[in-house]
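[1] pasting the sequence and the predicted coordinates here, then a few questions.
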Amino acid sequence: MGLAAPTKEKAASDGREFRDAVTALRDLVGEDLDRVGGAIIDSMGSSTPLIPEVAGHLIQSGGKRLRPMLTLAAARLCGYEGEAHVKLAAAVELIHGATLLHDDVVDASALRRGARTANIIWGNKESVLVGDFIFARAFELMVGARNLEVLQILSSASGVIAEGEVLQLATQKNLEATFEMYLAVVESKTAALFSAATHSGAVISEASDPVAEALKNYGRNLGIAYQLIDDALDYAGYEASLGKSIGDDFREGKMTLPVVYAIARATPDEAAFWKRTIADGRQGPEDFARAREIVSRNGALADTHLCARRYADRALEDLTHAPDNAFSRALAALAETSLTRGF
């Protein structure tokens with residue numbers, strides 16, 4: 001049922017399509033994004049040398065800067081001509097960066113954006129504490145925007161993200177996890193910040209309530225589609241193009257949607273495999289290859305893609321309630337190509 005999982009060749013071609021959409025959006029908000037970069041660098045200043053060293057490693061490792069671009073585009077889409085959107089976009093990226101530092105410690109990740117993670121280089125304690133510092137700087141930027149509503153939006157999202165981390169730990173290795181449980185994690189960990197990014201851009205622009213709500217919903221639905229594809233890529237992607245290790249979700253026993261679907265359809269032999277590898281955490285060298293084969297063969301990957309398609313379509317529908325201009329069309333291109341993401 002649903003879409004076929006992409007082949008290696010198709011995934012590479014499709015990845016370029018999403019890259020084109022990201023590049024087009026970056027070109028559109030380029031001047032603002034440069035200023036966001038400057039604001040981020042200024043925020044990393046500290047008399048404690050380790051802080052800018054660790055933070056700089058994360059910032060200089062690259063990344064799409066997708067979330068701050070969403071804030072900038074939402075603000076410009078709504079006709080904003082002020083300065084505060086730059087601070088908000090920088091705050092969004094710092095929140096994301098802080099959560100990455102914390103995530104890599106919790107997940108014991110070794111690779112991020114093709115480079116060694118901060119926790120591997122400096123240690124877990126250092127990564128967590130610098131992540132806390134970055135969070136604090138993000139809140140300073142939020143306050144600097146001088147808008148209580150956007151401060152509420154972004155501070156609330158920060159709390160929801162933390163709740164999502166705890167919820168993910170609670171569902172980890174739980175073979176009884178359902179789609180609803182999985183979705184709750186995705187909405188908290190990923191979609192909350194996407195939604196806050198677009199919502200805050202609309203609110204700082206004093207957009208009408210219907211437009212602000214549409215952009216809030218667009219961010220949520222795009223974020224869910226984005227994470228669904230991310231979780232599929234952990235089983236179907238290629239490490240060289242992703243810039244991070246594949247199979248980490250499997251090794252950590254995360255109940256992502258491909259596994260939730262695969263377990264629901266498992267034969268007795270497959271059910272025993274999932275119990276041993278996920279619930280019991282006893283994995284051998286060949287187990288990830290078998291996991292990949294199972295989720296592909298029984299349609300779990302295809303249906304994960306189909307689910308992502310539904311959320312991407314919802315994001316496109318949300319944009320029909322926003323002004324039609326170059327910025328809304330660039331956001332639409334992101335949603336349209338989100339399923340083709342290869343990085």
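    Yes, it's here.
[2] now do the same for Pro258: helix, strand or coil?
    Following DSSP: H, G, I helix; E, B strand; the rest coil, Pro258 is assigned to helix.
[3] likewise for the one 5 residues further on?
    Using three-state DSSP, the structure places Ile263 in helix.
[4] kindly calculate the angle that the lengthiest helix in the chain makes with helix 257-264.
    If you go by DSSP state H, the chain has its longest helix at helix 209-236. Counting by axes from the mean of the first three to the mean of the last three C-alpha atoms, to 10 degrees, helix 209-236 points 60 degrees away from the direction of helix 257-264.
[5] against which helices or strands is helix 209-236 packed?
    Here helix 209-236 touches helix 66-77, helix 179-186, helix 192-204, helix 248-252, helix 257-264, helix 287-297, helix 300-319, helix 326-337, going by 3 or more C-beta pairs under 8 Å, 6 or more residues apart in numbering; DSSP states H and E. C-beta: built from backbone N, CA, C; applies to glycine.
[6] one more pass at 6 Å, please.
    Judged by 3 or more C-beta pairs under 6 Å, 6 or more residues apart in numbering; DSSP states H and E, the packing partners of helix 209-236 are helix 192-204, helix 257-264, helix 300-319.
[7] wait, doesn't Val203 sit right on Val150?
    Yes. If you go by C-beta atoms under 6 Å, Val203 and Val150 touch, sitting 5.2 Å apart.
[8] show me the helices in the stretch 51-200 of the chain, by range?
    Listed in chain order, the helices of the stretch 51-200 of the chain (DSSP state H, counting those that start in this stretch) span 66-77, 84-107, 118-121, 124-144, 148-171, 179-186, 192-204.
[9] just the C-alphas of the third one, formatted as CSV.
    The reference is to helix 118-121. Extracted C-alpha coordinates of helix 118-121, given in CSV (Å, rounded to 0.1, in the frame of the first residue of the first chain):
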residue,chain,number,x,y,z
ALA,A,118,30.6,17.8,20.7
ASN,A,119,29.9,15.2,23.3
ILE,A,120,32.5,12.9,21.6
ILE,A,121,35.1,15.7,21.4
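[10] what's next to it, contact-wise?
    Val54, His57, Leu101, Asp104, Val105, Ala110, Ser127 (C-beta atoms under 6 Å, 6 or more residues apart in numbering).
[11] for those residues, give me JSON lines that also has distance to Arg19, neighbour count and pLDDT.
    What follows is the contacts of helix 118-121, written out as JSON lines (distance: C-beta to C-beta, whole Å; neighbours: other C-beta atoms under 10 Å; pLDDT from 0 to 100):
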{"residue": "Val54", "distance to Arg19": "28", "neighbour count": "24", "pLDDT": "83"}
{"residue": "His57", "distance to Arg19": "24", "neighbour count": "19", "pLDDT": "78"}
{"residue": "Leu101", "distance to Arg19": "25", "neighbour count": "27", "pLDDT": "85"}
{"residue": "Asp104", "distance to Arg19": "24", "neighbour count": "24", "pLDDT": "77"}
{"residue": "Val105", "distance to Arg19": "29", "neighbour count": "19", "pLDDT": "75"}
{"residue": "Ala110", "distance to Arg19": "25", "neighbour count": "13", "pLDDT": "71"}
{"residue": "Ser127", "distance to Arg19": "29", "neighbour count": "24", "pLDDT": "87"}
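[12] need the max-distance pair from those residues.
    The distance between the two most remote of those (C-beta to C-beta) is 15.9 Å, for Val54 and Ala110.
[13] what are the buried residues along stretch 33-53?
    Leu33, Arg35, Val36, Gly37, Ala39, Ile40, Ser43, Met44, Ile51, Pro52, Glu53 (16 or more other C-beta atoms under 10 Å).
[14] setting aside sequence neighbours, what's the nearest residue to the last one?
    Taking C-beta to C-beta, 6 or more residues apart in numbering, and ignoring the residues beside it in sequence, Glu53 has Trp122 as its nearest neighbour in space, at 7.9 Å.
[15] read off the pLDDT value for that neighbour.
    On pLDDT, Trp122 comes in at 83.
[16] count the neighbours of it for me.
    By the criterion of other C-beta atoms under 10 Å, Trp122 has 16 neighbours.
[17] so what's Thr277 up against?
    Contact partners of Thr277, counting by C-beta under 6 Å, 6+ apart, are Gln283, Asp287.
[18] from Leu257, how far out is it?
    From Thr277 over to Leu257 the distance is 17 Å, taken as C-beta to C-beta, to the nearest Å.
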